[in-house]
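J.: fold the stuff below for me.
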Amino acid sequence: MIGFIIILVITILFLVLKYFKSPHKSSLKGRHIVVTGGSSGIGKWVAILGAKRGAHVTIIARNADKLEDAQKEIKTFCINEEQKITKVSVDVSKYGDIQHIFHELEETVGPIFMLVNCAGIAICGKLEDFDEQQIKQLIDVNFLGTLYPVKAIIPKFKERKEGIVVLTASQVALMGMYGYSVYSSCKFALRGLAESLQMEVKPYNISVTLALPPDTDTPGFELENQTKPIETKLISEVAGLAKPEQVARNLIDDALAHRFFSYSGFESYILTTLCVGMSPFTSFLDVIVQAVLLGPLRLLSVYYILSFNYIVKKCHLEKMNK
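T.: Below is the predicted model:
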């Protein structure tokens, strides 16, 4: 009964906050959006929605063939002939290369208004099973592949005294999970980067949004499933699978409204609220709701922790008995 009441209260407050969310304050029409990891998944949907709103869009990735296909698709969603849809093949973990590319893009397409970092890769497994090359790959793509583009664009944003930075992390940026030891470490690092960066750039009218998508139906997620231990699969099934277009829509709307967190779905809202900590806030209404919910949510989190540990223990015993 108590658990039902807690869920009911949380649901009501979630719906209230969703209803009273402030409308986005900025328009993308005629603006220049750069999306790393823009050839597929959430990144491609961000690019598509940007094109639908009249933006100039540049997508960045390494695979030239995928970029070519994505560029053609994104162009079909443009609302006027003046829009420029550009593609660039570059390794975002190479600072000198990305710095050079941004300079060229500002000269040829126009000043960058929003940088959306969606480049990422997930390899699952127990820590001791990773080799050095896999660990370096995860750090390069998931952390440096976001850090370096942000570092390259911030001086330009400060000079113009405007700009939006989006860092796409994951729900495992807020909680560790079996099988995600290396990947989760990189995503936790992005939260620290986002919170620190937000304090650095706020005086320059620059906003930072940390996107925390749940498991999302993308090509990257299909690859991730190939390396998932059974424990990780069973734990992940609790939250279901989100659609990339909805995650991308929430990301854009939250970024334009200068919200620090961007979440998708009820489970993401619960986790984000539970792990709010010392994160920046947009409205005092959010703060009041979070203060009310933190205690009950901690009790709810204990239930999930116990259930996850039960899954891990059960799988362990089954392996031992084989």
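J.: residue 273 should be in a strand, yeah?
T.: No: with DSSP: H, G, I helix; E, B strand; the rest coil as the criterion, residue 273 is helix rather than part of a strand.
J.: that one: neighbour count?
T.: Neighbourhood size, residue 273 [other Cβ atoms under 10 Å]: 21. To be clear about C-beta, it is placed using only N, CA and C from the backbone, and glycine gets the same treatment.
J.: wait, residue 74 touches residue 48, no?
T.: Yes: using Cβ atoms under 8 Å as the test, residue 74 is close enough to residue 48 to be in contact (5.6 Å).
J.: out of the two, which sits in the more crowded spot?
T.: residue 74 (26 against 23).
J.: report the buried residues of the helix or strand that one falls within.
T.: Residue 74 belongs to helix 64-75 when elements are defined using DSSP states H and E. Taking 16 or more other Cβ atoms under 10 Å as the neighbour-count basis, helix 64-75 is seen to contain the buried residues 66, 67, 70, 71, 74.
J.: low-confidence stretches in the stretch 151-300 of the chain?
T.: Of all residues in the stretch 151-300 of the chain, none has pLDDT under 70.
J.: ok so, going back, so for the helix holding residue 74, mean pLDDT?
T.: Averaged across helix 64-75, pLDDT comes to 97.
J.: strands paired with the helix or strand just after it, and their directions?
T.: Proceeding N to C from helix 64-75, the next assigned helix or strand is strand 85-89, under DSSP H and E. Here strand 85-89 is paired, per DSSP bridges, with strand 56-61 (parallel).
J.: how far out from the middle of the chain is the strand it pairs with?
T.: How far strand 56-61 lies from its chain's middle: 17 Å, per Cα atoms, centre = their mean, to the nearest Å.
J.: who touches it?
T.: Judged by Cβ atoms under 8 Å, 6 or more residues apart in numbering, the contacts made with strand 56-61 from elsewhere in the structure are 30-40, 43-44, 47, 50-51, 67, 70-71, 74, 83-90, 92, 101, 105, 109-110, 119.
J.: type out the ChimeraX command that picks the buried ones from the residues you listed.
T.: Selection of buried members from the contacts of strand 56-61 for ChimeraX, criterion 16+ other Cβ under 10 Å:
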select :31,32,33,34,35,36,37,38,39,40,43,44,47,50,51,67,70,71,74,83,85,86,87,88,89,90,92,101,105,109,119
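J.: next, the angle strand 56-61 makes with the helix holding residue 74.
T.: Using axes from the mean of the first three to the mean of the last three Cα atoms, to 10 degrees, the direction of helix 64-75 lies 160 degrees away from that of strand 56-61.
J.: quick one: contacts of helix 64-75?
T.: So helix 64-75 is contacted by 38-40, 44, 47-48, 51, 57, 59, 61, 85-89 (Cβ under 8 Å, 6+ apart).
J.: out of those, which comes closest to residue 123?
T.: Of all these, residue 40 has the smallest distance to residue 123: 17.1 Å, by Cβ to Cβ.
J.: longest helix in the chain, please.
T.: Taking residue count as the measure and DSSP state H as the definition, the longest helix of the chain comes out as helix 284-320.
J.: how far off centre is that one?
T.: Going by Cα atoms, centre = their mean, where helix 284-320 is centred and where its chain is centred differ by 21 Å.
J.: by contact count, what packs against that helix?
T.: Secondary-structure packing of helix 284-320 (3 or more Cβ pairs under 8 Å, 6 or more residues apart in numbering; DSSP states H and E): helix 2-20, helix 230-236, helix 266-274.
J.: quick check: buried residues in it?
T.: 286, 289, 290, 293, 296, 297, 300, 304, 308, 311, 312, 315.
J.: can I get the residues you listed in CSV including distance to residue 153?
T.: Written out in CSV, the entries for these read as follows (distance: Cβ to Cβ, whole Å):
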residue, distance to residue 153
286, 27
289, 33
290, 30
293, 35
296, 40
297, 35
300, 39
304, 37
308, 38
311, 41
312, 41
315, 44
